[in-house]
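Chemist: got a sequence here, can you build the structure:
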Amino acid sequence: MNKFNRLVLPLAVIGCAVIATPITAETLEELDALAEITQDEAAGIKLAQEQAGRGEFLEAIGTLERVLANHPKSQSARLLHAVYLCRIDDQAGGAAEVAKLKRKHFPEETWQQATTICTLSGEDN
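Modeler: Below is the predicted model of the structure:
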């Protein structure tokens, strides 16, 4: 049993270290490309949608945050940011983002889809 523990324990520690390592490490070149893409509002939103389509919601949220840093009045980026926050179960964050928006700036169907995904406090903007 002692020999078994000496063999298995180090492998378990190595396995945990591998699991804890981020899967998508970003290089400086990748970060530069992302910064450049998010200078353009539409391109940044499109990239975020592609990331979310692959299930990469945290990356999509980060991309949208960069878009919003460059385009703080972007209604589309903010609504999408709210939806993705709700997708990762940050209802409060999603509701805070939606509270900054005006419902009249969106088609009814788009607004309904977003509010279906995000359980909001019932406030109408």
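Chemist: residue 101 - how many residues pack around it?
Modeler: Look at residue 101: counted by other C-beta atoms under 10 Å, it has 17 neighbours. For the C-beta atoms, the positions are set from N, CA and C on the backbone; glycine is no exception.
Chemist: show the low-confidence segments of this protein, by residue range.
Modeler: 1-25, 120-125 (pLDDT under 70).
Chemist: now do the helices in it.
Modeler: 2-20, 28-37, 41-53, 57-70, 75-87, 91-99, 108-117 (DSSP state H).
Chemist: so can I have a markdown table of those helices showing mean neighbour count?
Modeler: Shown next, in a markdown table, are the helices of the chain (neighbours: other C-beta atoms under 10 Å):
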| stretch | mean neighbour count |
| --- | --- |
| helix 2-20 | 9 |
| helix 28-37 | 12 |
| helix 41-53 | 17 |
| helix 57-70 | 20 |
| helix 75-87 | 22 |
| helix 91-99 | 18 |
| helix 108-117 | 14 |
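Chemist: so who does the spatially most central residue of the chain touch?
Modeler: Geometric centre of the chain, nearest residue: residue 61, 2.4 Å, by C-alpha atoms, centre = their mean. For residue 61, the contact set (C-beta atoms under 8 Å, 6 or more residues apart in numbering) comprises 48, 81, 84, 85, 88.
Chemist: same deal with residue 34?
Modeler: 26, 47, 63, 66.
Chemist: and residue 97, by the same measure?
Modeler: 78, 79, 81, 82, 85.
Chemist: how near is it to residue 119?
Modeler: Per C-beta to C-beta, to the nearest Å, residue 97 is found 13 Å from residue 119.
Chemist: got it, and residue 44?
Modeler: 27 Å.
Chemist: same deal with residue 91?
Modeler: For residue 91, the distance to residue 119 equals 6 Å [C-beta to C-beta].
Chemist: quick one, phi/psi of residue 89?
Modeler: Main-chain dihedrals, residue 89, degrees, to the nearest 10: phi 70, psi 30.
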